[in-house]
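[1] The following block contains a protein sequence and its predicted model.
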Amino acid sequence: MTLASAPCNVPLILGRAALPAPRRLRLAELGLRPGATVTVLRRTAGGGRIVGIGDARVAIGQGVLTAVPATPVQ
């Protein structure tokens, strides 16, 4: 599953994004790195998502969402 298809309000563990290195670095700067636990909080009208990580909230566009694998926390 990717963040694009992940359900809302379910804790997820991120995998390594299939993106160019500069974009992966930017995600890592925002706290969205492999092994991080995040929660999709809501969907936006344009197909993006608001993702919660710790106390932060990050808006992610649809193009990036499809490149970030996620696994539900067991």
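    Structure received. Numbers count the residues shown, from 1 in each chain.

[2] Model confidence score at the most centrally placed residue in the chain, please.
    In the chain, the residue lying closest to the centroid (Cα atoms, centre = their mean) is L3, at 5.1 Å. For L3, the pLDDT comes out at 95.

[3] for it, what are its contacts?
    12, 14, 38, 40, 49, 51, 60, 64-66, 68, 70 (Cβ atoms under 8 Å, 6 or more residues apart in numbering). The way it works is simple: take the backbone N, C-alpha and C, and place the C-beta from them, glycine included.

[4] where exactly do the helices run in this structure?
    21-29, 62-65 (DSSP state H).

[5] Tabulate these (a markdown table), appending distance to T44 and mean neighbour count.
    Below are the helices of the chain laid out as a markdown table (distance: least, Cβ to Cβ, whole Å; neighbours: other Cβ atoms under 10 Å):
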| stretch | distance to T44 | mean neighbour count |
| --- | --- | --- |
| helix 21-29 | 17 | 13 |
| helix 62-65 | 9 | 17 |
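
[6] mind checking which of the ones you listed is nearest D55?
    With Cβ to Cβ, the closest approach to D55 among the helices of the chain belongs to helix 21-29: 16.2 Å.

[7] pLDDT on the closest one, on average?
    Mean predicted confidence for helix 21-29 is 95.

[8] Make 30 the first number, not 1, from now on.
    Yep, numbering from 30; the last one is helix 50-58 now.

[9] Now do that helix: everything it contacts.
    By Cβ under 8 Å, 6+ apart, helix 50-58 touches 45-46, 48, 62, 93, 97.

[10] Filter those down to the buried ones, ChimeraX style.
    ChimeraX command restricting the contacts of helix 50-58 to the buried ones, with burial defined by 16 or more other Cβ atoms under 10 Å:
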select :46,93,97
